[in-house]
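**Q** From the sequence below, what's the structure:
(chains A, B, C and D)
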2 protein chains.
Amino acid sequence: MLKLSRLTDYAAVVMAQIARYPEQAHAATELAEAVQLPHPTVSKTLKMLVRAGLLESRRGSLGGYRLARPATLITASDIIGAIEGPVAMTECSHADGDCDLVATCGVADNWQRVSLAIRTLLDSVTLAHLAQESPLKLPVQLPIQSVTLASRAEI
Amino acid sequence: MLKLSRLTDYAAVVMAQIARYPEQAHAATELAEAVQLPHPTVSKTLKMLVRAGLLESRRGSLGGYRLARPATLITASDIIGAIEGPVAMTECSHADGDCDLVATCGVADNWQRVSLAIRTLLDSVTLAHLAQESPLKLPVQLPIQSVTLASRAEI
DNA sequence: TCTATTGAGGACCATTTTAGTCCCCTATCG
DNA sequence: CGATAGGGGACTAAAATGGTCCTCAATAGA
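**A** Below is the predicted model:
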């Protein structure tokens, strides 16, 4: 399925909500209502987003959350990473490859390329994109060409 | 992390192994050894791949598994789908949207676009690609441009 | 300074998912 | 027939996930 966790989903929704009114601070309670999700859960999500540096928080009355930087500079990768950790399709696609099957695996390199391609894709989608209302159900324009997996011919 | 399950990983490795010697039938035991994984686990994976129509099996002595179609016609999506079910990033990105938050969500459409882009990417990677030994650690060529999220200007 | 408000941090539990194993049945070949 | 394969599915252990709750800390304003 390659699915996002539910919390990640919440995170995106909440971030989008904040992004639509970037000037004001948003209290967790307010967001929970706007988004129709239980308060404790939204709160938890918000905390994670703060820790990841995507939101800034302020306590006390008149406190709340706001974006740490413009929505155009926050990517889908950032949000996913904030909740689930860095995007990596396979066990071995993060730096310190502690996979002891490299020898017999034979697909590691290629998965990493695919993984990188997905990460790049997710890097190119910003919160501004996500937040933007697009009620039109257009089929996606797909400028994506197939990934070039290194083959000798191309070197 | 947007990670593949471990079984999916195994599936890819095993499929690649088979793809390298497409003519002969491969017994589960043989594959388990080649790939250095416990036999029951490999076996389970193989069964799933058969059920998904990616492998054909033959019982009895001289039996084993072989590709149901050429490696160039089996995609990464196929393999992931065989183990984890169809690729879909969010709860609501599969057909029958039973998500009752559509109203307050506001990002569903856009996630679906992203999801589709990833699926397309995974569709473009074939087992032949994955199986091919590419000892060269080239940085990936990335012909991927940003996803065009429908904005009014472009309609 | 006191109080109401709001976030921080983390403990905690229930549920689901995942991984892995095992057993018994069926098919094929010689 | 008997040896060698795979098919199906039950079962368990372990981990991840989702969700709740409680206590502490900061801030603003009366």
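
**Q** packing partners for the lowest-mean-pLDDT helix or strand in chain A?
**A** Using mean pLDDT, DSSP states H and E, helix A:102-105 stands out as the lowest-scoring helix or strand of chain A, at a mean of 76. Counting contacts by 3 or more C-beta pairs under 8 Å, 6 or more residues apart in numbering or on different chains; DSSP states H and E, helix A:102-105 packs against helix B:28-35. All C-beta spots, glycine's among them, are computed from the backbone N, C-alpha and C.

**Q** list the buried ones in the helix it packs on?
**A** Using 16 or more other C-beta atoms under 10 Å in any protein chain shown as the test for burial, helix B:28-35 gives B:28, B:30-32, B:34-35.

**Q** For A:His39, state which of those residues is nearest.
**A** Each of these was checked against A:His39 using C-beta to C-beta; the closest is B:Val35, at 47.8 Å.

**Q** Please give me every residue in contact with that closest one.
**A** By C-beta atoms under 8 Å, 6 or more residues apart in numbering or on different chains, the contact set of B:Val35 is A:101, A:104-105, B:10, B:13-14, B:17, B:42.

**Q** Touching stretch A:56-69 from outside, list them.
**A** Taking C-beta under 8 Å, 6+ apart as the rule, stretch A:56-69 contacts A:15, A:18-19, A:22, A:24-28, A:30-31, A:46, A:49-50, A:53-55, A:74, A:127.

**Q** What subset of the residues you listed is buried?
**A** A:15, A:18-19, A:26-28, A:30-31, A:46, A:49, A:54-55, A:74, A:127.

**Q** Contact distance from DNA strand C - what residues of chain A qualify?
**A** Within chain A, the positions near DNA strand C by C-beta under 7 Å from any atom of the strand are A:26-29, A:43-44, A:46-47, A:50-51, A:57-65.

**Q** where exactly do the strands run in chain A?
**A** Using DSSP state E, the strands assigned to chain A run over residues A:55-58, A:64-67.

**Q** most packed of the ones you listed?
**A** Most buried of those by mean neighbour count (mean count of other C-beta atoms under 10 Å in any protein chain shown) is strand A:64-67; its value is a mean of 20.

**Q** how much space is there between the closest residue to DNA strand D within chain A and A:Ala27?
**A** Taking C-beta to the nearest atom of the strand, DNA strand D has its nearest neighbour within chain A at A:Gly60, 2.6 Å off. Computed as C-beta to C-beta, to the nearest Å, the A:Gly60 to A:Ala27 distance reads 11 Å.

**Q** and if you look at A:Leu55?
**A** Relative to A:Ala27, A:Leu55 is positioned 12 Å away (C-beta to C-beta).

**Q** Then A:Leu7?
**A** Look at A:Leu7 and A:Ala27: by C-beta to C-beta, they are 19 Å apart.

**Q** With A:Ala52 instead?
**A** Counting by C-beta to C-beta - A:Ala52 and A:Ala27 are separated by 20 Å.

**Q** same deal with A:Asp109?
**A** For A:Asp109 relative to A:Ala27 (C-beta to C-beta), the value is 48 Å.

**Q** quick one: buried residues of the least confident helix or strand of chain A?
**A** Residues A:Cys105 are the ones in helix A:102-105 that count as buried (16+ other C-beta under 10 Å).

**Q** Could you list the residues of chain A in contact with DNA strand D?
**A** Residues of chain A lying close to DNA strand D (C-beta under 7 Å from any atom of the strand) are A:5-7, A:10, A:38, A:40-41, A:43-44, A:58-63, A:84.

**Q** As TSV, the strands of chain A with mean pLDDT would be great.
**A** TSV is the format used below for the strands of chain A (pLDDT from 0 to 100):
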stretch	mean pLDDT
strand A:55-58	98
strand A:64-67	98
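
**Q** okay if I get these as a markdown table plus distance to A:Leu116?
**A** Shown next, in a markdown table, are the strands of chain A (distance: least, C-beta to C-beta, whole Å):
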| stretch | distance to A:Leu116 |
| --- | --- |
| strand A:55-58 | 27 |
| strand A:64-67 | 27 |
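
**Q** which stretch among the ones you listed comes nearest A:Ile80?
**A** Among those, the nearest to A:Ile80 by C-beta to C-beta is strand A:55-58 (15.0 Å).

**Q** that older thread, can you pick the most crowded of the residues of chain A next to DNA strand D?
**A** Within the residues of chain A next to DNA strand D, A:Tyr10 tops the neighbour count with 25 neighbours, counted by other C-beta atoms under 10 Å in any protein chain shown.

**Q** my guess is A:Gln36 contacts B:Thr104, does it?
**A** Yes. Between A:Gln36 and B:Thr104 a contact is recorded at 4.7 Å, counting by C-beta atoms under 8 Å.

**Q** Measure how buried A:Ile118 is and give me the count.
**A** Applying other C-beta under 10 Å, I find that A:Ile118 has 23 neighbouring residues.

**Q** From the buried residues of helix B:28-35, pick the one nearest chain A.
**A** B:Val35 (5.3 Å; C-beta to the nearest C-beta).
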